[in-house]
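Colleague: Could you work out the structure for the sequence below:
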Amino acid sequence: MCERCPWVDLSKPDYVEYHDKEWGVPVHDDKKMFEFLLLESAQAGLSWYTILKRREGYREAFADFDYKKVATFTQDDVERLMQNSAIIRNRAKIEAAINNASRFMEVQQEFGSFSEYMWGFVDNKVVVNDIETIDDYVATSPISDALSKDLKKRGFKFIGSTIIYSHLQAAGLINDHSNQCFRKKEVMALTKS
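Modeller: Below is the predicted model:
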């Protein structure tokens, strides 16, 4: 049996699959970056599994994570989404997702892609952390602090340092797989191209 990160709940097959196939894999695609950013901001105050179970609901509700379409959502769309039980019906989070889609495109215009902007905060190299036990995981870092501060300055909402740190982990800018986890080396190999 493969050893996994200590936070993975092995009783939840979808959680295991997310860990084994997606979490920590370096993302350079802007659409996937937006998806993770939207989902991470929806997570604020909740468990990741709560959002993971609703991922397909979010995909449907937010135009397959097409940030160009989400940026055009109106107040009528907000009201429609407030009735959608497939997502977390939090008005501030829904409005933040729409706002962030517009801000996302502004960053793209300035940097060429949102991915280029994000990877600039880690000097275009994956940060690999030394994780021996569950106690070695952190909720924030100087990188997530700086990135969150810059995003807030650019008008993004629901993107505190903890949310941004989770995003950096999910999108593979930070490799926080535990040292014993079989995915640590696999993900590291993906970055050596």
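Colleague: Only C-alpha atoms, please: export the lowest-mean-pLDDT helix or strand in the chain in PDB.
Modeller: When the helices and strands of the chain are compared on mean pLDDT, DSSP states H and E, helix 182-191 comes out lowest with a mean of 90. C-alpha atoms of helix 182-191 as PDB (Å, rounded to 0.1, in the frame of the first residue of the first chain):
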ATOM      1  CA  PHE A 182       4.600   8.400  -2.700                       C
ATOM      2  CA  ARG A 183       3.400  11.600  -4.600                       C
ATOM      3  CA  LYS A 184       6.200  13.800  -3.400                       C
ATOM      4  CA  LYS A 185       8.900  12.400  -5.800                       C
ATOM      5  CA  GLU A 186       6.300  11.900  -8.600                       C
ATOM      6  CA  VAL A 187       5.300  15.600  -8.400                       C
ATOM      7  CA  MET A 188       9.000  16.700  -8.200                       C
ATOM      8  CA  ALA A 189       9.700  14.600 -11.300                       C
ATOM      9  CA  LEU A 190       6.900  16.500 -13.100                       C
ATOM     10  CA  THR A 191       8.700  19.800 -12.400                       C
END
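Colleague: For the longest helix seen in the chain, name the packing helices and strands.
Modeller: In the chain, assigned by DSSP state H, the helix with the most residues is helix 91-111. When contacts are defined as 3 or more Cβ pairs under 8 Å, 6 or more residues apart in numbering; DSSP states H and E, helix 91-111 packs onto helix 30-43, helix 67-70, helix 75-82, helix 114-120. Using the backbone N, CA and C atoms, a C-beta is placed for each residue, glycine as well.
Colleague: What residues of the shortest one count as buried?
Modeller: Think helix 67-70. Along helix 67-70, these residues count as buried under the neighbour rule (16 or more other Cβ atoms under 10 Å): 67, 70.
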